[in-house]
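Undergrad: Return atomic coordinates for the entry below.
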Amino acid sequence: MPDENNARPPSAYQLRTVPAYRLITLRDQDNDAGVGARDAIERAGTTIVASTGYELYISCAQDLLPVLVRVEIREDYPAGENADASSLRLTLECPSGRLVLGSPTGEAIGIDLTTGPGVYRVLVTHHGRLEAERRREQLLTRLAENPGLDLRAAAEEHSGLERYTVALWRTGDLRDEA
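TA: You can find the predicted model right below:
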């Protein structure tokens, strides 16, 4: 159903996972996951989000509670969004139009870009990072006091407290490299 600007609502995908190595990644299935990864991961450690142009890296605040990641495929820049301290705009090349969202050595899902292969702009927003860090520390304190605590069940109580929204919109075709 179109909104007040006659734009179609975005296609959306969600992943809930405990972020291995405190990382969430998004890339086209045909892109080499290693090109420029080390530098991008280091940048993400400071800026929360970084891209090599081929892969997006989100540095999560913690690695104990499940994190919720929502990916929205849009037709244009998300109306009402401002690039501020909690968001960052980047670029991602998508030659196949099929993305992989996941965490290293963890869960992953496939995403079909309804707008097809091409170059995409990316806007990432986040919420709940400080509270998730606080809850993680509280759970570790409880575990130290009660070694029999079911840590997985206790962490599930706070699932999705830390969350990210990744909005993508196509900006053009990929350049031919001859």
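
Undergrad: is the residue lying closest to E107 once chain neighbours are set aside in a bridge, and if so with what?
TA: Computed as CB to CB, 6 or more residues apart in numbering, the closest residue to E107 that is not its neighbour in sequence is T17, at 4.5 Å. Glycine gets a C-beta too; all of them are placed from N, C-alpha and C. Taking DSSP bridges as the rule, T17 bridges to V67.

Undergrad: hang on, V18 packs against L64?
TA: Yes - in terms of CB atoms under 8 Å, V18 counts as a neighbour of L64; the distance is 7.0 Å.

Undergrad: so what's in contact with these two at the same time?
TA: Here V18 and L64 have A155 as joint contacts, going by CB atoms under 8 Å, 6 or more residues apart in numbering.

Undergrad: related to what we said a few turns ago, on the pLDDT front, check the residue nearest to E107 for me.
TA: Residue-level confidence at T17 comes out at 96, pLDDT.

Undergrad: Give me the helices and strands touching the lowest-mean-pLDDT helix or strand in the chain, please.
TA: When the helices and strands of the chain are scored by mean pLDDT, DSSP states H and E, strand 87-94 comes last with a mean of 84. Contacts defined by 3 or more CB pairs under 8 Å, 6 or more residues apart in numbering; DSSP states H and E place strand 87-94 against strand 23-28, strand 49-51, strand 55-59, strand 118-127.

Undergrad: any chance of those strands in JSON lines, with mean pLDDT, distance to R38 and mean neighbour count too?
TA: Shown next, in JSON lines, are the helices and strands packed on strand 87-94 (pLDDT from 0 to 100; distance: least, CB to CB, whole Å; neighbours: other CB atoms under 10 Å):
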{"stretch": "strand 23-28", "mean pLDDT": "96", "distance to R38": "12", "mean neighbour count": "23"}
{"stretch": "strand 49-51", "mean pLDDT": "95", "distance to R38": "11", "mean neighbour count": "23"}
{"stretch": "strand 55-59", "mean pLDDT": "96", "distance to R38": "10", "mean neighbour count": "24"}
{"stretch": "strand 118-127", "mean pLDDT": "95", "distance to R38": "20", "mean neighbour count": "19"}
